[in-house]
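okay, predicted coordinates and the sequence, questions at the end:
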Amino acid sequence: MSSRFFLLALSISALGVGVLSQARTLPPPVNDLAVAESPFPRALSDFGFFSNLASQTPNDGVIPYRLNTPLFSDGAEKLRFIYLPAGMTAKSDGEGLLDLPIGAAIIKTFAFGGGDDRRLIETRVLLHRADGWLALPYKWDDAQSDARLVVAGARVDLTTPSGEDISYRVPNKNQCKECHGLDGEVIPIGPKARNLSHDWLEGMTTSGKLDTVPAGSDVLPKWELRWTARTSDAARAYLDVNCAHCHRPGATASNSGLDLRWEQDDLQAIGVGKRPVAAGRGSGELLFDIVPGKPDQSILAHRMRSDEIGVAMPELGKSTVDKDGVNVIERWIAEMK
Amino acid sequence: MKKLNGVCLAASALILAAQPASAETIVVEAGEGAQERLQEALILAEAGDEIVLGAGRFALTDGLSLDVDSVTLRGAGMDQSVLDFTGQQGAGEGLLVTSDFVTLRDFALENPKGDGVKSKGADAIVYHRIRVTWTNGPDASNGAYGIYPVESTGVLVDGSKVSGASDAGIYVGQSRDITVRGSIVEANVAGIEIENSRNALVENNIATRNTGGLLVFDLPNLPIMGGGNVILRNNLVIDNDTQNFAPPGNIVAGVRRGTGILVMANDGVLIEGNILNNNPTAHVMVVAYTQEFNDPSYNPHARNVVVGQNLFGRGGDDPQLDGGEMLMAAFGGALPPVMWDGVAEGDDGLTVAEGVGGWTLGLTVAGQDLAEASPAPLDVPTPNYVFDEESVGAPAELLARIGG
């Protein structure tokens, strides 16, 4: 579809200067070949996801979304988008991940600083190809003109919103898989129906981009409204979003036996009275992952409070402590009987 | 149009390149940009490729990872090619391997902040002459495991060396068909640990100056349960006398300084042909898991543990046990080499070859208070348990890969 439109635009342009200038004001469409086939596109601009890269203005078919409870990444602002090729429809799968068709993409840009000082640091893309999902990291240049593929990852010195100077880590391609891996495959982890707003899902459905509003959607509390939610809901949502992509069967931390998914209701599996297995010094002289009523004696909270490698959790994706996250988890454990 | 054509051309060129081609050798030298150059090589490698590390010290700032099947990562020698993680700023291990049929050989990792090399769900992996060292010696702030294969089928660790791990030097967990041989584990909390794993052969290793030398465990509430069919043979287990420096809370933090071989809650463990000397608590200790658990699939008892003929030297002469001095006096100055808690389901908990000296705490229930112990000389049957030696150890293909 899109390349035919492009041909049409070119042939019209041959008709005259006036028409030509009109055709030029139309942004080129998203490059479906780059999404679905080109092995490793070198630049973010190769995809054409944005009509204006620097301002992150989405192109046709690129839909912004937000999550009720987001993943903490050193306080980065995140701009999230789903790309659906023209005429294609995503499918609902209960409260879980939206089933995105081959040719779709998920795009997430990380930014620090507000207003004129906002700097785009990296953009991660997940491309749904015939042979599965491919995760690629792109690092923005200093001029903020484009982002280049960094398969080996990178480090960027920056100051977080909480005022900490850090060496921010852009993950390498394999590290993407450490969080996005399940049973050996790469999968999306963010856009689960339970973590997406009902209104957004309804809008997607009305516009024909989603087959139906999924059952069990929009049940995770909104993070900024966590004080009005039940503590256990806020805490379990936090664990589901920040930890469960590794701490679940079939994923990177499956050998720990800890399963922090929202739907897990076995108390021992989520850490209550559970002894660590391979925590090493991460255990911090404590005996159990969660001791009800005692956040200070719970390894789960201890590892979240640490910024020391080998102790800190999550192992990837952050180098500072998420104080708000720690607060909710400590409150939850303290209220636990 | 031009742009689209360009992308098409680039795509077809890469598709051509992806056709089966002869395996490549990619050389990565130490020096400026080693982190990016080495990580990029590990990502862009294709099945069959060999990545060769030059001699020298690779200063690394982040963990490395490999996720391509059938790749060999080879250095110039375990003292020549050193991956130096002293400046590591991220990741939970020095090197993470998540693909199958990988060979790691002839290089070292120093001072990884977390674990040394972790291979998870990485079947048919070979570690050959890999050294992992925390250079400041035993220290609670060192990383947990040196060599750490987990959830894998087919593991060979050969000719490797780990020292300073604050948990286990070589730790094989939730795996099967394993050989750990010809390796040296020194000054770790646990030397070699086989946990929730089946069909493991641990032979011809040297375990020295650890808190405990060789450990075989089964733990509850893990995705893979039912450890057993393990043979510990012809190892040198001597001078394991380092104070336990594991952070409390870890299972190995409970290992008594001076333990040679410890078997806990496992089914079918053969201990024979080892030389044990100067392990001050016990040369061989066989116990049940004593913590509370709620996993119905878990059996906390040691079953079918066989102590055959071993060479027992001095030991049991400074036991880190309550009432140790009284016990030593009662047994004539030193404790016999085999210590058992006495807990068993039937009479096949522990059997020992004729002439093997031992003693029992005389407990009857897992988790029973030690105050109820009634120590006595060991009186157990001689072995009649038959081990399935055919299925013990790494597949022959793994041994063939390193020429033997």
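Here it is on my side, so go on. Numbering: from 1, shown residues only, chains lettered A, B, ... in the order given.

where does the chain have low pLDDT?
Just so you know, I chose chain A. Per-residue confidence of chain A (counting by pLDDT under 70) places the weak regions at A:1-25.

right idea, wrong chain: chain B
Scanning chain B for pLDDT under 70 picks out the ranges B:1-21, B:404.

domain parsing for it?
Structurally, chain B divides into domains by the TED database as follows: B:24-114, B:125-131+B:155-401.

near chain A, anything from the shortest one?
Yes - contact between domain B:24-114 and chain A is present through B:35-37, B:39-40, B:42-44, B:61-63, B:65-67, B:88-92, B:96, B:98, B:113-114 (criterion: C-beta under 8 Å from any C-beta of the partner chain). Using the backbone N, CA and C atoms, a C-beta is placed for each residue, glycine as well.

kindly report the residues of the stretch 251-400 of chain B close to chain A.
With C-beta under 8 Å from any C-beta as the criterion, the stretch 251-400 of chain B meets chain A at residues B:251, B:291, B:292, B:294.

repeat that with 7 Å
Those residues of the stretch 251-400 of chain B that sit near chain A, judged by C-beta under 7 Å from any C-beta of the partner chain, are B:291, B:294.

the nearest residue to residue A:334 once chain neighbours are set aside: how many residues sit nearby?
Counting by C-beta to C-beta, 6 or more residues apart in numbering or on different chains, residue A:334 lies nearest to residue A:295, which is 5.4 Å off, once chain neighbours are set aside. Burial of residue A:295, expressed as a neighbour count using other C-beta atoms under 10 Å in any protein chain shown, amounts to 23.

tell me how far residue A:295 lies from residue A:259.
Separation of residue A:295 from residue A:259 (C-beta to C-beta, to the nearest Å) stands at 20 Å.

same thing with residue A:265?
Distance, residue A:265 to residue A:259, using C-beta to C-beta: 10 Å.

residues contacting the residue of the stretch 1-150 of chain B found nearest chain A?
Across the stretch 1-150 of chain B, no residue is closer to chain A than residue B:144, which sits at 2.3 Å (C-beta to the nearest C-beta). Applying C-beta atoms under 7 Å, 6 or more residues apart in numbering or on different chains, one finds that residue B:144 lies in contact with A:278, A:280, A:281, B:114, B:115, B:165, B:166, B:167.

gap between residue B:403 and chain A?
Computed as C-beta to the nearest C-beta, to the nearest Å, the residue B:403 to chain A distance reads 30 Å.

hang on, that residue in a helix?
No - inclusion of residue B:403 in a helix is not indicated when DSSP: H, G, I helix; E, B strand; the rest coil is applied; the result is coil.

which residues sit against whatever helix or strand residue A:78 lives in?
Element membership for residue A:78 (DSSP states H and E) is strand A:77-83. The set of residues that contact strand A:77-83 without belonging to it, under C-beta under 7 Å, 6+ apart, is A:30, A:35, A:49, A:56, A:58, A:61-66, A:70, A:100, A:104-111, A:190-191.

ChimeraX command for the buried members of those residues?
Buried members of the contacts of strand A:77-83, defined by 16 or more other C-beta atoms under 10 Å in any protein chain shown, are picked up in ChimeraX with:
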select /A:30,35,49,56,58,61,62,63,65,70,100,104,105,106,107,108,109,110,111,190,191
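
in strands, which of the contacts of strand A:77-83 appear?
Secondary-structure check on the contacts of strand A:77-83 using DSSP state E: residues within strands are A:58, A:62, A:63, A:64, A:65, A:105, A:106, A:107, A:108, A:109, A:110, A:111.

identify the residues contacting stretch B:318-327?
Applying C-beta under 7 Å, 6+ apart, the external contacts of stretch B:318-327 come out as B:256, B:257, B:258, B:280, B:281, B:282, B:328, B:335, B:370, B:375.

what about 6 Å?
With C-beta atoms under 6 Å, 6 or more residues apart in numbering or on different chains as the test, stretch B:318-327 has contacts from B:256, B:257, B:280, B:281, B:335.

which two of the residues you listed have the greatest separation?
With distances taken as C-beta to C-beta, the most widely separated pair in these is B:257 and B:335, at 14.3 Å.

higher neighbour count, those two?
Under the criterion of other C-beta under 10 Å, the comparison of residue B:257 against residue B:335 puts residue B:335 first, with 26 against 20.

what about the nearest residue to residue A:97 once chain neighbours are set aside, neighbour count?
Nearest residue to residue A:97 in three dimensions, chain neighbours excluded: residue A:192, at 5.3 Å (C-beta to C-beta, 6+ apart). Close neighbours of residue A:192, defined as other C-beta under 10 Å, add up to 24.

ok, the residue in the stretch 201-337 of chain A that chain B sits nearest to - contacts?
Using C-beta to the nearest C-beta, residue A:280 is the residue of the stretch 201-337 of chain A that sits closest to chain B, at 2.3 Å. Shown in contact with residue A:280 (C-beta under 6 Å, 6+ apart): B:144, B:167.

re the thing from before, pretty sure the residue nearest to residue A:334 is touching residue A:301, no?
Yes - using C-beta atoms under 6 Å, residue A:295 and residue A:301 qualify as a contacting pair, with a distance of 4.6 Å.

identify the contacts common to these two.
Taking C-beta under 6 Å, 6+ apart as the contact rule, the neighbours common to residue A:295 and residue A:301 are residue A:330.
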